[in-house]
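# predicted structure and sequence below. I'll ask about it afterward.
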Amino acid sequence: MPSPPTEPSLSASDDIRLLGRLLGEVIAEQSGPARLELIEQVRQAATAARRGDVGGPRLEALLDPRSDVEVLDVARAFSYFSFLANLAQDVADNRLARAARGEGRGEGPGTLAFAMRSLGTVPDAAARQRVARELWVSPVLTAHPTEVRRRTVLDRGRRIAALLAERARAEPDEQDVRPEEELRVEILALWQTAILRGSRLRVRDEIDEMLHYYDLSLFEELPRLQERFEQAVEPLAPAAGG
């Protein structure tokens with residue numbers, strides 16, 4: 001399978017290799033070993049071209065005689081591998097962040113703990129309490145391009161991320177083949193799904209898509225953030241949180 005675009009951190013490399021292997025198995029099963037071999041040849045040629053070797057002409061020779069279906073499978077393989085590699089890196093980053101918080105680290109600039117600690121250094125108690133009482137939690141929704149990937153792809157991605165996190169939490173002697181088999185099923189579902197939307201979204205579709213993100217994030221995370229905020233502000237200015 002294709003190599004990730006950048007060198008992953010060591011904490012993510014095992015998961016990326018696992019997902020790449022499973023994706024390769026799915027491609028060989030669904031499209032045939034010859035298709036997987038073509039994808040590997042394209043990967044090697046693309047790597048050589050990026051290094052300034054003779055990979056460019058070789059890429060043309062590999063892809064020019066191929067059918068649209070074959071070329072599409074090559075493009076989908078690279079797209080899905082990048083998607084899976086990014087998922088693995090996100091899961092690893094979240095794992096490292098949780099470990100840092102558990103060890104008393106991870107409270108640098110940009111965190112709620114850092115802001116409260118900085119406010120606590122204000123020598124004037126009255127000024128400190130006044131500022132604390134004026135603080136509030138407010139979500140900011142920014143405009144962004146419409147998500148072009150299908151919801152099925154995003155749902156599968158969230159399931160894969162959850163399985164990777166579950167696999168990482170298991171003790172070495174408790175790990176079994178179940179999480180790997182479930183990952184394979186999810187990757188199979190991905191391969192059988194078009195990665196991009198086949199038609200342009202309507203206004204109603206846009207609204208449904210935005211509400212989907214509300215359910216996934218805002219409605220769960222905002223109350224948690226509000227609770228952490230009130231707990232952090234209370235020592236500085238009793239009953240100031242809100």
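On my side now, so go ahead.
# which helix or strand contains the spatially most central residue of the chain?
Compute the mean C-alpha point of the chain, and by Cα atoms, centre = their mean the closest residue is residue 87, 3.6 Å away. Using DSSP states H and E, residue 87 sits within helix 68-102.
# how far out from the middle of the chain is that helix?
Centroid separation for helix 68-102 versus its chain: 6 Å, with Cα atoms, centre = their mean, to the nearest Å.
# what residue ranges in this protein score low on pLDDT?
Within the chain, the stretches with pLDDT under 70 are 1-11, 54-55, 102-108, 141-149, 170-177, 196-199, 201, 209, 237-242.
# now the helices: where do they sit in it?
Remark: helices assigned in the chain by DSSP state H are 10-31, 33-50, 55-63, 68-102, 112-120, 125-134, 151-169, 178-191, 203-213, 219-233.
# so which bits of the fifth one are buried?
Read that as helix 112-120. If you call a residue buried by 16 or more other Cβ atoms under 10 Å, then helix 112-120 has these buried ones: 115-116, 119. In short, each C-beta sits where N, CA and C put it, glycine included.
# which single one of the residues you listed is nearest to residue 183?
Set against residue 183, the nearest of the buried residues of helix 112-120 by Cβ to Cβ is residue 115 (38.4 Å).
# what about residue 86, how many residues nearby?
By other Cβ atoms under 10 Å, 17 other residues sit near residue 86.
# hmm, I typed the wrong one, I wanted residue 203.
Using other Cβ under 10 Å, residue 203 is surrounded by 7 other residues.
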